Structures are given as C-alpha cells and as structure tokens.
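In: make a model of this:
(one chain, ligands or ions: 1)
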Amino acid sequence: MNTLLLGVNIDHIATLRQARYPGMLDSPNCEPDLLAAAAICEKAGASGITTHLRADRRHIQDEDVYRLRKSLKTKMNLEMGNTPEIVEIALRVKPEDVCLVPENRREITTEGGLDAAGQLDALTPTVRRLNDAGIHVSLFIEPAFPQIDAAVKLHAHSVELHTGAFANTQGEAHAAELARIREAAAYAHERGLQVNAGHGINYVNIAEIREVPYLTELNIGHTIISRAIFAGLEAAVKELIAAMRG
Ligand code: PXP
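Out: The predicted structure follows:
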C-alpha cells in the first residue's frame with residue numbers, strides 16, 4: 001500500500017489573522033504569518049498545502065494565494081467554488097491541484113459535497129480549462145456512485161470523498177458512513193480516479209480512515225490548527241502524520 005499523504009489546510013490560520021488584521025496584509029503587525037505556517041507544515045512532513053479562496057474572502061486572500069504559490073516547496077491544492085472570477089485566478093496561479101467544492105455564503109465551513117452529477121453542464125467547461133492548463137482537478141463529493149460516475153465523465157483527475165457525515169455520527173450510522181466511504185473509494189479507484197478524503201478527520205477517527213483502501217491523500221485542517229494552539233504547529237502536523245501511518 002502506498003504511503004498516505006497529508007495536505008494541511010491552513011485556512012484557519014488566515015481566519016485568526018483576518019479577525020484582527022483585515023486589509024492589513026503588508027502591516028508589520030500582521031500575524032500569524034501564513035507563509036511561515038505553511039513552511040512549518042512542509043518541514044513537518046506535509047506533502048502539500050491546501051487553501052480555500054472563498055468568494056467572500058473570509059480567510060484566505062488573493063495575495064495569500066499568489067505569495068504561497070511562490071514560497072511553497074511542496075504543492076498547492078486550491079479549493080474553490082465554480083465561479084468565473086475564481087476560475088480566472090486559478091488559471092493565473094496554476095496550482096498543482098484544484099479541488100472544486102460547493103460554496104454557500106452563509107455556511108461556516110463547506111457543507112456537503114459538490115453535486116457533480118447535477119451540475120455536469122456548468123462543470124464541464126471549468127474542468128476542461130483547468131485540465132488544459134495542466135492543473136489536476138479534484139471534485140469534493142459525497143461518497144456516492146453517481147457522483148463518482150460524474151467525475152469520470154468530467155475527466156477529473158481525483159475525487160475527494162467528503163468525510164463529514166462519517167466524522168459527525170456515532171454508532172451504527174458511523175459504521176454505515178465508513179462502509180460508504182470504503183465502497184466509494186474502491187469504486188472510484190476502479191474507474192481510474194485518484195482517491196482523496198477530507199473534512200472532519202481528526203486525531204481519533206484517523207485510525208478508521210487510514211484503513212480505507214485506495215486513499216492517496218487526506219486534506220485536514222481544523223484538528224491540526226486546534227492542536228497546534230497547545231502543541232505547536234510542527235508537533236501537531238508530525239503527530240497526525242504518525243497517526244496516519246499507524
Ligand atoms: N477538504 C475540503 C474540500 C474542505 O472544504 C475542508 C474544509 O475546509 C477540508 C478538506 C478540511 O476539513 P477540516 O478543517 O474539517 O479538517
């Protein structure tokens with residue numbers, strides 16, 4: 001089995017910064033420093049850095065994306081909604097990976113997967129343009145066969161299986177969600193897609209996720225940044241990577 005890779009989502013570091021320094025990226029007081037945080041994650045073993053440039057710019061700013069693009073030593077995974085403005089930015093930045101996500105202005109974080117099956121017409125030109133620019137396109141979808149079929153039709157490179165329902169349930173419902181993720185991972189792998197997962201994965205439930213077959217990469221944010229408050233960012237990333245490897 002290949003080694004499971006970790007993309008660290010650093011949006012919450014930007015959330016903390018924006019709470020105090022909105023519009024002040026170039027101020028000497030502006031902290032915490034996103035590029036320094038990304039470098040620490042990379043040094044600790046992250047295989048990539050994930051950021052979500054939201055239409056409302058509530059955490060990550062355009063300038064963050066451009067600066068990270070220059071400073072990252074690993075790879076950039078840019079999460080984004082399928083909107084013309086953000087697609088143009090992605091084509092300028094050319095991250096290694098783009099993950100298309102649903103976006104809803106009032107949500108606290110991404111809720112539910114992208115309805116790729118229901119939005120084939122809207123997604124087709126976007127995926128084509130990103131593919132043509134040499135960007136690997138991933139779709140953040142529910143672990144459901146019709147969504148995986150849509151990813152194949154769209155010529156996506158990867159799917160990121162939404163693990164939120166798994167993370168937020170207990171008992172039988174939790175076991176059922178885990179089974180759904182396992183089946184979806186196998187189904188997507190058989191159809192030639194790279195299989196990633198993310199949302200709500202933490203230091204405890206990683207023990208179940210790491211046993212899911214065919215997973216290549218996990219994108220994890222909130223639990224790492226939460227632990228970093230007590231343990232420091234480097235230790236928090238290293239601890240999660242150790243847990244991923246069992
Ligand atoms: N992957 C995607 C597509 C997401 O939208 C998010 C949340 O921003 C994550 C992964 C990370 O989720 P969490 O912060 O719960 O680890």
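In: report pLDDT for the closest residue to Gln61 other than its chain neighbours.
Out: Using C-beta to C-beta, 6 or more residues apart in numbering and skipping the chain neighbours, the partner closest in space to Gln61 is Leu25 (6.4 Å). Where C-beta positions appear, they are placed from N, C-alpha and C, glycine not excepted. With respect to pLDDT, Leu25 has a value of 94.
In: so which bits of stretch 38-57 are buried?
Out: Residues of stretch 38-57 classed as buried: 38-42, 44-54 (neighbour count, 16 or more other C-beta atoms under 10 Å).
In: if we check the ligand, which of the residues you listed are in contact?
Out: When contact is defined as C-beta under 6 Å from any ligand atom, the buried residues of stretch 38-57 meet the ligand at His52.
In: let me know the closest of the buried residues of stretch 38-57 to Val159.
Out: Thr50 (15.1 Å; C-beta to C-beta).
In: who's in contact with that closest one?
Out: Gly7, Val8, Asn9, Ile10, Asp11, Met76, Asn77, Leu78, Glu79, Cys99, Asn219, Gly221 (C-beta atoms under 8 Å, 6 or more residues apart in numbering).
In: 7 Å - rerun?
Out: Contacts of Thr50 were listed using C-beta atoms under 7 Å, 6 or more residues apart in numbering, and they are Gly7, Val8, Asn9, Asn77, Glu79, Asn219.
In: you'd agree the first one is in a strand?
Out: Yes: counting by DSSP: H, G, I helix; E, B strand; the rest coil, Gly7 falls inside a strand.
In: sorry, back to before: could you report the neighbour count for the residue nearest to Gln61?
Out: 15 (other C-beta atoms under 10 Å).
In: again with the one 5 residues further on
Out: Taking other C-beta under 10 Å as the criterion, the count of residues near Cys30 is 16.
In: so who does it touch?
Out: Here Cys30 is in contact with Arg17, Tyr21, Met24 (criterion: C-beta under 7 Å, 6+ apart).
In: closest one of these to the ligand?
Out: Distance to the ligand across the contacts of Cys30 (C-beta to the nearest ligand atom) is lowest for Arg17, with 16.2 Å.
In: show me what contacts that closest one?
Out: Cys30, Glu31, Pro32, Leu34.
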